[in-house]
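Visitor: the sequence isn't on hand, but the structure is:
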């Protein structure tokens, strides 16, 4: 069995600069049997940053996700109050976020900005053991 022609960074960049698509670049190095698979949903992985801050008055599925995660985190960190997981960012959610931010040494704004979102996700994964191989 021969070793494949391993993809190299600058060679792949050169092909990309020439207008090759991702699949065309992969096939150049690994042959035509390569394909890119996609999925509608990957389960068990927290959703990524929504692209905007969550503040009092926000109301959407990202708020609910964050509330759900804070409630799981609060089991391991009881100083963080539980909130109603309704997707509506009210004062009680802001207060819980402030306590979370205090516990994890973030600015205590009560706003879920980029750093707060990812710290919530990081701690959620840790306390829920979602990333643990069983």
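Guide: Structure received. Just so we're clear, the structure is a prediction, and the values are computed from it rather than from any experiment. Numbers count the residues shown, from 1 in each chain.
Visitor: which residue lies nearest the spatial centre of this protein?
Guide: Residue closest to the average C-alpha location in the chain (Cα atoms, centre = their mean): residue 48, at 3.1 Å.
Visitor: any regions of the chain where pLDDT drops low?
Guide: Applying pLDDT under 70 to the chain flags residues 1-5, 38-47, 130-134.
Visitor: tell me the domain boundaries of it?
Guide: 1-36, 61-128 (automatic domain parsing).
Visitor: next, format these as TSV and append mean neighbour count and distance to residue 54.
Guide: In short, each C-beta sits where N, CA and C put it, glycine included. Listed next are the domains of the chain as TSV, based on neighbours: other Cβ atoms under 10 Å; distance: least, Cβ to Cβ, whole Å:
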stretch	mean neighbour count	distance to residue 54
domain 1-36	11	33
domain 61-128	17	4
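Visitor: wait, a strand at residue 52?
Guide: No - Residue 52: not assigned to a strand; according to DSSP: H, G, I helix; E, B strand; the rest coil it is coil.
Visitor: please shift the residue numbers so they start at 603 in all later answers.
Guide: Will do, 603 is the new start, and the previous item becomes residue 654.
Visitor: against residue 664, how distant is residue 652?
Guide: Noted for residue 652: a distance of 4 Å to residue 664, by Cβ to Cβ, to the nearest Å.
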